[in-house]
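K.L.:
coordinates only, no sequence provided:
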């Protein structure tokens, strides 16, 4: 293979379709591994620690530098954007989740994030002439397509391995943060579950509930599985 | 004698059957494919690669056969893929009246196509994405990128997201003209990062 040639998709429509499948499984901590494995990535043990609420106060970071934080926040904002479908990953607190867990369950990925985020920014400056955070959304998406398809690999930007591997890692963590149980500090205000019409975990499902679910009329419990 | 006549008749029937579709048995007429920014055998500008803005390049075509109703374009690299070629771009349902493609076809299917190619749709490239993805071969490797233009005798109005194999199957028997433009590309390495240890890409692959 001369390029990184793994077929990938990034479209909002497909992302949500896939997330919908993953979302129902995401109520259990162990399923967080499944989200990543479904993308063909082998990730370290990443069961996050519980967080009573969004642990990261606005404007502060716990494990990322300010520069890294700006880039990551912009990136996850394009992976699941705030658009006509509803609020996105930023609004769901995905940045806070990842930043916090890089000092915990995701600590093994800390160096990949450091190198990858700086490489992403260098690559944006080299290929598009501006920092990633300063590009408009179209150019940010275009850069991310290059990173996703491995086009940024071999550019000399400084990715640790394939740029596609970095992209898939951040995407997997963004999904965990957005669609996982709010108990773990992401999915703020159930934004992720609302986005995929996941009605929340239930101990029992009546025939009536099943009918409502199939017709899309089942009301969300808006409750963590641990409550 | 009867045997000879019978054999001749059989051969004639078989031959007639083989050429029945007519168009299939004829070689497509040559189309002149050009670009205001690229030439066959010359390096592509980096803006058509991930080293630059990764825009789809502008193309023009001339000498379309009479009866051209629609046009399809594939960009492929015969030096990559398993099996080759590796597909960088597929776009089809281009009106037969179009005389080219402008630079920067939208990668978002929700963004309208430029007016001169209204109705055109993009197919799945080698990454499974319905968009143009320019060349990024390994550093030090010069690759050839074939922009192949097909003139079709019918408005097929195919669905989006077809891959190369599906598209070629769909247009089989409808290709009345064909031409290509084959620019080159070699990866441009960005300067070494300063102020921190250099880690080579792919080192951990």
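P.N.:
Done, it's in. Predicted model, so just to flag it, every value in this text is computed and none were measured.
K.L.:
what's near enough to touch residue B:94?
P.N.:
Listed by CB atoms under 8 Å, 6 or more residues apart in numbering or on different chains, the contact set of residue B:94 reads B:70, B:71, B:72, B:73, B:101, B:117, B:119, B:120. Yep, even glycine has a C-beta here, placed from its N, CA and C like the rest.
K.L.:
now do residue A:114
P.N.:
So residue A:114 contacts residue A:68 (CB under 8 Å, 6+ apart).
K.L.:
is it part of a helix or strand, or is it coil?
P.N.:
Here residue A:114 is recorded as helix under DSSP: H, G, I helix; E, B strand; the rest coil.
K.L.:
secondary structure class for the closest residue to residue A:213 other than its chain neighbours?
P.N.:
Leaving aside its sequence neighbours, residue A:213 sits nearest to residue A:199 (CB to CB, 6 or more residues apart in numbering or on different chains; 6.6 Å). Of the three states, residue A:199 takes coil according to three-state DSSP.
K.L.:
neighbours of residue A:199, how many?
P.N.:
Neighbour count for residue A:199, taken as other CB atoms under 10 Å in any protein chain shown: 19.
K.L.:
just residue B:83 next, same as before
P.N.:
Per other CB under 10 Å, the neighbour tally for residue B:83 reads 5.
K.L.:
from chain A, how far off is it?
P.N.:
Residue B:83 is 12 Å from chain A, where distance means CB to the nearest CB, to the nearest Å.
K.L.:
in which helix or strand would I find that residue?
P.N.:
In this structure, residue B:83 sits in neither a helix nor a strand according to DSSP states H and E.
K.L.:
end to end on stretch B:120-136, go ahead and measure it.
P.N.:
26 Å (CA to CA, to the nearest Å).
K.L.:
what pLDDT does the residue nearest to residue A:213 get?
P.N.:
Model confidence at residue A:199, given as pLDDT, is 89.
K.L.:
that one is in contact with residue A:221, isn't it?
P.N.:
Yes - assessed by CB atoms under 8 Å, residue A:199 is found in contact with residue A:221 at 6.5 Å.
K.L.:
list the contacts of residue 188.
P.N.:
By default, I'm working from chain A. A:54, A:91, A:92, A:93, A:182.
K.L.:
let me rephrase: I mean chain B.
P.N.:
Counting by CB under 8 Å, 6+ apart, residue B:188 has contacts B:46, B:51.
K.L.:
how about residue B:174?
P.N.:
B:23, B:152, B:153, B:154, B:156.
K.L.:
ok, now with 6 Å
P.N.:
B:152, B:153, B:154 (CB atoms under 6 Å, 6 or more residues apart in numbering or on different chains).
K.L.:
same question, residue A:149
P.N.:
The neighbourhood of residue A:149, defined by CB under 6 Å, 6+ apart, consists of B:127, B:133.
K.L.:
before we move on, what about residue A:77?
P.N.:
residue A:90.
K.L.:
just to revisit the earlier point, would you check that the residue nearest to residue A:213 makes contact with residue A:220?
P.N.:
Yes - counting by CB atoms under 6 Å, residue A:220 is a contact partner of residue A:199 at 4.7 Å.
K.L.:
good, we can wrap up now.
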